[in-house]
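1. Need coordinates for the below:
(one chain, ligands or ions: 1)
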Amino acid sequence: MRLQILSFITISFFFACSSTKNIVGSNGPVNPYQYTSLKKSIVKNGAVASAHPLASKIGVEIMKSGGNAFDAAIATQLALAVVYPGAGNIGGGGFMVARTSTGETIALDYREMAPALSHRDMYLDAAGNVVEGKSLNGHLAAGVPGTIAGLFESMKYATLPFAKLIQPAIDLAQNGFVLTQREAVSLNYLQDTLAKYNTMRTAFQKNIAWKVGDTLTQTDLSNTLKRIRDNGAAGFYEGATADLIVAEMKRGSGIITLNDLKNYTAKWRTPHSFNYKGYTVVGMPMPSSGGTLLHQMLKMVEDKPLPTYGFNSAMAVQLMTEAERRAYADRAEFMGDADFYKVPATGMVADTYLKERMKDYQPGVAGNSTVIKPGVLPMKESEQTTHISVIDKQGNAVSVTTTLNNGYGSKTVVGGAGFLLNDEMDDFSAKPGVPNFYGAVGGEANAIAPGKRMLSSMAPTLLLQNGKPFLVVGTPGGTTIPTSVFQTIVNIIDFGMTTEDAVYRPKFHHQWLPDQVDVEKTFPVAVRAALEKMGYKIVERGGIGRVEAIKVLPDGSFEAVADNRGDDAAEGYTPIP
Ligand code: GLY
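-> Residues are numbered from 1 along each chain as shown. Below is the predicted model of the structure:
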């Protein structure tokens, strides 16, 4: 089978010379062997932006067949679990922030939980040092998955039967779909790691290299999805699937038990909402740092002349970097699962506190993270991910970020069940002051404890204007998530950029420690030089984030934009030419 990619600026076409007998779902037109990919759609009735063209298309088909944005978000997440195994998942967790058609704003937490047998020093050796890789790869890295519980909780706002929403994912797993170039490369890169961390051969392993246009079929996964279709959440957390997870744990010395699975619960949270220049920003509260960091960073720059400085001017980047530095210093000290640790949630975002935090900001002079510490609060309370943005014509707007943590999570597939387990335990602080995979440090607030949820950076976000959806936005990227969302919002609100530019143009990132500004390769050379002159250490890195954004245009139509840093696709229906 051969697949050709014709790439235009915003559109790619995938053609596969293959049987077309297997059309996904009962809805018809999504063909997993021959599909197009749009980077941008302007549409009237509903839009989905996600990391994979097939997943975005399935979400749109669900809306076309009478579903709303919640139905579409559920079907898209399930499809991603098949076509985007690096981050789409049923073995991980996530967060949803949404605005319903009745104007209610809601937040759902389906973050993984630490197993009952976990303990704070579980990744340390006898000398008290962190054992490299132990929280990242293999069975011990996995937290108790939350995704399936989250999907069933979000059914509260859906209108179609779950069986209809999961069927496209079942079909994709059972009949296969053709790989993009990027996916083939990614799977080839993974082969040695898969061999090392699996007790049984997985669907992702192959004796010869994967290539673009190959069909990936996942029979075990399709059977697991059928059990979920037929038995609800119990099809995952109990019965055959749970038994397979526990058997896998036993083979690989993992610690997740049947009780851990049975006891998992998704939780409704109060969204973290605040005002920025007349827009209501609706974000995720703890156990994600996303909403709080966004609040801190936006408020720290709100009274400064950002629009005058201009996009990617040295002055704007410096100001935003200093806001990022201070917010991430607070993250390291104060943020964690608020059900376990007294997080100073209100103190950290108080206007007076944030003003105080910026008192030592000097325009044109680099701050220093050994001098700029976490703030002083009156009371000490306590990369691979993927994002989906969905909107419908009824006024529902859904922002979901979901993750296995690193690409392909722990690299461990549950034998016989066909899905990858997360390595979310690495998002805990294995030891105070020792950086995790993302270089983030933490302390007591984010120490491991049984049943606790590890601190996240995920920031599914909505912007409302006069209570109505204006922007649905989010991204993967570990600790770069809040800074990418921050910059996307500032690009649109302060710099007046188009959605495309706001998503595509180069990004930068500072997270307090290490004390450096990470920039993408395309970040302007002159601005780098100006920042270095101010005293900043600049480090070039690969792409930052893969933002999926949907903006509501003045005429009420939806402008959906998928990041050009990946295979991401923005689809919708009733296009406006
Ligand atoms: N695993 C990435 C995050 O939750 O921030």
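2. which parts of the chain sit against the ligand?
-> Within the chain, the positions near the ligand by CB under 6 Å from any ligand atom are 385, 403, 405, 424, 427, 456-458, 478. In short, each C-beta sits where N, CA and C put it, glycine included.
3. of these, closest to Asp171?
-> Thr403 (24.4 Å; CB to CB).
4. Give me the phi and psi for the closest residue in space to that closest one that isn't next to it in sequence.
-> Nearest residue to Thr403 in three dimensions, chain neighbours excluded: Thr385, at 3.7 Å (CB to CB, 6 or more residues apart in numbering). Torsion angles at Thr385 (phi, psi; degrees, to the nearest 10) stand at phi -130, psi 170.
5. And the pLDDT for Thr385?
-> Reported pLDDT at Thr385 in the predicted model: 95.
6. Correct me if wrong: it contacts Val400.
-> No. Counting by CB atoms under 8 Å, Thr385 does not reach Val400; the two are 10.8 Å apart.
7. Can you tell me the number of residues neighbouring the residue nearest to Thr403?
-> 28 (other CB atoms under 10 Å).
8. Now do the contacts for it.
-> By CB atoms under 8 Å, 6 or more residues apart in numbering, the contact list for Thr385 reads 87, 401-405, 458, 476-478, 481.
9. Now do the helices in the stretch 1-150 of the chain.
-> Assignment of helices within the stretch 1-150 of the chain using DSSP state H, counting those that start in this stretch yields the ranges 53-64, 69-83, 147-154.
10. out of the ones you listed, deepest packed?
-> helix 69-83 (a mean of 31; mean count of other CB atoms under 10 Å).
11. Quick one: distance of that helix to the chain centre.
-> Between the centre of helix 69-83 and the centre of its chain there are 14 Å (CA atoms, centre = their mean, to the nearest Å).
12. What helix or strand is the residue in the stretch 301-450 of the chain that the ligand sits nearest to located in?
-> Relative to the ligand, the nearest point of the stretch 301-450 of the chain is Asn405 (3.9 Å; CB to the nearest ligand atom). Taking DSSP states H and E as the definition, Asn405 sits outside all helices and strands.
13. isn't it right next to Leu420, touching?
-> No. Asn405 lies out of contact with Leu420 (CB under 8 Å); the separation is 10.6 Å.
14. can you list residues touching both of the two?
-> Gly92.
15. For the residue of the stretch 301-450 of the chain closest to the ligand, list the residues it contacts.
-> Asn405 neighbours (CB under 8 Å, 6+ apart): 92, 384-385, 422-424, 426-427, 437.
16. Save the helices of the stretch 1-150 of the chain as JSON lines, and put in distance to Gly572 and mean pLDDT too.
-> Formatted as JSON lines, these follow (distance: least, CB to CB, whole Å; pLDDT from 0 to 100):
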{"stretch": "helix 53-64", "distance to Gly572": "6", "mean pLDDT": "97"}
{"stretch": "helix 69-83", "distance to Gly572": "10", "mean pLDDT": "98"}
{"stretch": "helix 147-154", "distance to Gly572": "21", "mean pLDDT": "98"}
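17. follow-up on the earlier one: so which of the contacts of Thr385 are in helices?
-> Ile481 (DSSP state H).
18. Report the two of the contacts of Thr385 separated the most.
-> Most distant of these, by CB to CB, are Leu404 and Ile481, 14.6 Å apart.
19. returning to that earlier point: check the contacts of Asn405 for burial and list the buried ones.
-> 92, 384-385, 422-424, 426-427, 437 (16 or more other CB atoms under 10 Å).
20. Output those residues in a markdown table; the columns should cover secondary structure.
-> Putting the buried ones among the contacts of Asn405 into a markdown table (DSSP: H, G, I helix; E, B strand; the rest coil) gives the following:
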| residue | secondary structure |
| --- | --- |
| Gly92 | coil |
| Gln384 | coil |
| Thr385 | strand |
| Asn422 | coil |
| Asp423 | coil |
| Glu424 | helix |
| Asp426 | helix |
| Asp427 | helix |
| Phe437 | coil |
